[in-house]
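Engineer: I would like to see how this sequence folds:
(3 chains)
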Amino acid sequence: MAGRAIWKGYIHLGSIAVPAKLHAAVKEERIQFHLLHSRDHVKLKQQMVCAYEKVPVPMEEQTRGFELEDGQYILVEPAELEQAEPEESRIIEVHEFVKTEQIDAVFFERAYYLEPDIPLKGYNALVGALREMDAEGICTWTMRKRSYIGALQSSGKILRLNALRYADEVISARSLELPNIPLSEKELKIGSDLINQLTAPFQPRKFENEHQKKLQGLIDKKARGEKIAILRPRRLKPTASDKLLQTLEASLKRVA
Amino acid sequence: MKLSSGGGNETAAQGIWSGTISFSLVAIPVQLVKAVEPGRVSFRMLHGKDYSPLLRRMFCPREEKMVPPDEIIRGYEIGPDKYIVLTDEELESVSPERSRTIEIIEFIDMKDVDSIYYDHPYYLVPSKGGEKAYSLLAEVMRRANKAGLAKFVLGEREYLVAVKSMEGALSLITLHYSEEILPDEEIAPQDGKIESEEKSRMKKIIKEMTGDFTPEKYADERRKKIVKLLRKKLKEKATVEAPAVEEEEGGGPVDLIAVLEESMRKVKKSR
Amino acid sequence: MSRRVTEVAGKRLSLSNLEKDLYPSYGFTKAHILEYYRRISWFILPHLKDRALTLKRYPEGVEQEFFFEKRCPSHRPSWVTTTEIAQDNGELMTVCLVNDLNTLMWVANLASLELHVPLARADSPETPDSMVFDLDPGDQADILDCARVALILRDLLSPLRLASYAKTSGKKGLHVYVPLNRKEVTFEETKTFSKAVAEVMQRNYPDLVTAKMAKEHRKKKVFINWSQNDSSKTMICVYSLRAREKPFVSFPLAWSNLENLAGQRDPEKLQITHAEAASRAEAMGDLFREVLVKKQKLPYL
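Structural biologist: Residues are numbered from 1 along each chain as shown, chains lettered A, B, ... in the order given. I've put the predicted structure just below:
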């Protein structure tokens, strides 16, 4: 079952409008945990506590403030925040196109499927056009009071919409201030050979969430009152810089 | 007074996790740090009376008091108010080989990875002694346009991850498992006919509108408006003291209001 | 902790803590709660059906802490009907649908004394079935003032061909529902309409009614909370218990009844307890049935 749509909109491309419905593309499976008090196993509640009086503060006495550098705050009322909400519109506006793979993985936030809505017009043509041009459309839209930027892609017979992060939300690698270490040609050659030897086609289906199953097993074991063996996590010995080349050579020997 | 929001220029000083990344016999000590910072303008909750900031604390409803972190444990609910408690050690022991090591099992072509698998990005930074091996891995992956595929455990979850090079650094992207990707057969239209003239028209438009990906062009509108509002309030010296807010009236179309007023007149007359 | 396994409508359910007194100053145990919900089930189930339930659990009783639970507890029996709904960020969440007696019993056994549901059904979360006027008395106002407002509201809406139905909230206020039951209706429309109505009421009865949420505007007045007309909001389901000192119920009142009670000037008479709720429902049927079936149209939008 396709399930119900999260939202409905129109993809606007020039003067063309393609009606579409948004669906979630991913469903995460997760074991939910609660936080408990160690003494009596009572489920804990999160409370907002006054930093100075150290007492819980009820909702009616809470207010929102934007913190300025000098410890002062600008107070904001919920009504004012509401006014900042973007206008509700059903338009997914396509502004430009980029070649696929131009967008780095770091920008992808959430994937949605786009199901054609009635009337079916332009949807299949758009899927074909994007595929043949090897392109993705950069678009913006407003959904549930938030503004989004995204990439419109074709995948098989359908369109997908990927919500992207804004540029200023991505921390640049340069800010990590990594040291610039010179590498010898030999190290680079052996490193490359090693990687080639270890290369395989990407087959995501061979990876299962084993941990989830093991965790469920652990919970069941404990529920039955069985003892859990505590195994220490393994820590690898780091490869020393002056031993790097010989370690690479030894590795290559093993896989070649 | 600094009013900017968004963390594009902040260095991630705090490590989320530390351990080793390995491929074949090479082991590199690293730390996992943030790669993204939500751009939402974040507000602090304050005590209305004296504007002191509020902190999130865990509260025990039975003893009616704040609980210090060392008295907090993690439980999984198996029935109404019945919990199985798991300690950090027990959690780590589920996949011990993976909770401190990211072992790259194979390398893949980045081109083969469908973006639908991308979950959350991080950076890896080298710990002391690992700088050279780190640079090597980043450089060889960059030249080959490949990524390393590994599984690793962080907290309560095990992730499938891709480690790739980005601007000279190693970035780690957690991936969704294929069982988490929802099927899309029901999404495709029944009628697969493609209107070829329509398609040609679109291809032409795509060609005309193609450019390089420059995400800086796009701004979060809502955030802009909030920042504008804050600047305005700052100018008006409206710090700390909250101005009275008049809610806007007149939320209905004009003729609806007129009709309601007319109806109201009649109601009042008859009462 | 006692545990009994029962068979309800052919399905096994483990009931626990039956003697636990959840309304300590009145004396109403988990067993009593289960019994009430069993008795009222025929009336309440159609109003819960296919709606994403928000549980409000009071594991230690009404005088202790409660917690809301939107996500359907993962330790549920396999026969509990669930569905997925999308949260604001697009992530899917599994919710419970109380579509049968077993599930109602299971939910009650979790000490979810109060059952809160949205105005829309889970398979069409942006389509409200009714428009609601949540009448909430401010400080120094009471349910009798709400009754006055409800009656004026009824008279205001009926010339517009909109029939309305009232129920007690089970706490201090009243709820007035205007059934719509049409596919094209949106929350935007019901919110716009109810806001306009609330503002007109405020303009014409400024000493009795306010459409503004801020506390300082609500003293001695009845606040018409039009903002409840939203896909993210829930209302207490009709016939649900409330977690107050006594097990009062959110109960429908016929207009003629409301007129009489408003005239008698005794606010206590508008509070219906569990026993009264069950016997009245059995005698008179579901007074809120029209809210589920009547088709009406919002004019002038």
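
Engineer: Now do the strands in chain A.
Structural biologist: Using DSSP state E, the strands of chain A run over residues A:7-13, A:16-24, A:34-37, A:45-50, A:62-67, A:73-76, A:91-99, A:108-116, A:135-143, A:146-155, A:158-164.

Engineer: The last one relative to strand A:135-143, how many degrees between them?
Structural biologist: The one in question is strand A:158-164. Interaxial angle of strand A:158-164 relative to strand A:135-143 (axes from the mean of the first three to the mean of the last three Cα atoms, to 10 degrees): 70 degrees.

Engineer: Kindly format the C-alpha coordinates of strand A:158-164 as PDB.
Structural biologist: Taking Å, rounded to 0.1, in the frame of the first residue of the first chain, the C-alpha atoms of strand A:158-164 are listed here in PDB:
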ATOM      1  CA  ILE A 158       8.900   7.900 -10.600                       C
ATOM      2  CA  LEU A 159      10.000  11.300  -9.400                       C
ATOM      3  CA  ARG A 160      11.600  11.900  -6.000                       C
ATOM      4  CA  LEU A 161      12.000  15.000  -4.000                       C
ATOM      5  CA  ASN A 162      15.000  15.300  -1.700                       C
ATOM      6  CA  ALA A 163      14.900  17.900   1.000                       C
ATOM      7  CA  LEU A 164      18.400  19.500   1.100                       C
END
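
Engineer: ok and the residue in chain A nearest chain B?
Structural biologist: residue A:211 (2.9 Å; Cβ to the nearest Cβ). Yep, even glycine has a C-beta here, placed from its N, CA and C like the rest.

Engineer: In which helix or strand does the closest residue to residue B:23 other than its chain neighbours reside?
Structural biologist: Nearest non-adjacent residue to residue B:23, counting by Cβ to Cβ, 6 or more residues apart in numbering or on different chains: residue B:104, 4.0 Å away. Using DSSP states H and E, residue B:104 falls within strand B:101-109.

Engineer: From the contact counts, what lies against that strand?
Structural biologist: Applying 3 or more Cβ pairs under 8 Å, 6 or more residues apart in numbering or on different chains; DSSP states H and E, one finds that strand B:101-109 contacts strand B:17-23, strand B:146-154, strand B:157-166.

Engineer: can I get the ones you listed in JSON lines with mean pLDDT, distance to residue B:71 and mean neighbour count?
Structural biologist: What follows is the helices and strands packed on strand B:101-109, written out as JSON lines (pLDDT from 0 to 100; distance: least, Cβ to Cβ, whole Å; neighbours: other Cβ atoms under 10 Å in any protein chain shown):
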{"stretch": "strand B:17-23", "mean pLDDT": "87", "distance to residue B:71": "24", "mean neighbour count": "22"}
{"stretch": "strand B:146-154", "mean pLDDT": "87", "distance to residue B:71": "24", "mean neighbour count": "23"}
{"stretch": "strand B:157-166", "mean pLDDT": "88", "distance to residue B:71": "24", "mean neighbour count": "22"}
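
Engineer: my guess is residue B:198 meets residue A:120, correct?
Structural biologist: No: with contact defined as Cβ atoms under 8 Å, residue B:198 does not reach residue A:120; the gap is 11.6 Å.

Engineer: Settle it for me: which of the two has more neighbours?
Structural biologist: Using other Cβ atoms under 10 Å in any protein chain shown, the more surrounded residue of residue B:198 and residue A:120 is residue B:198, with 18 against 14.
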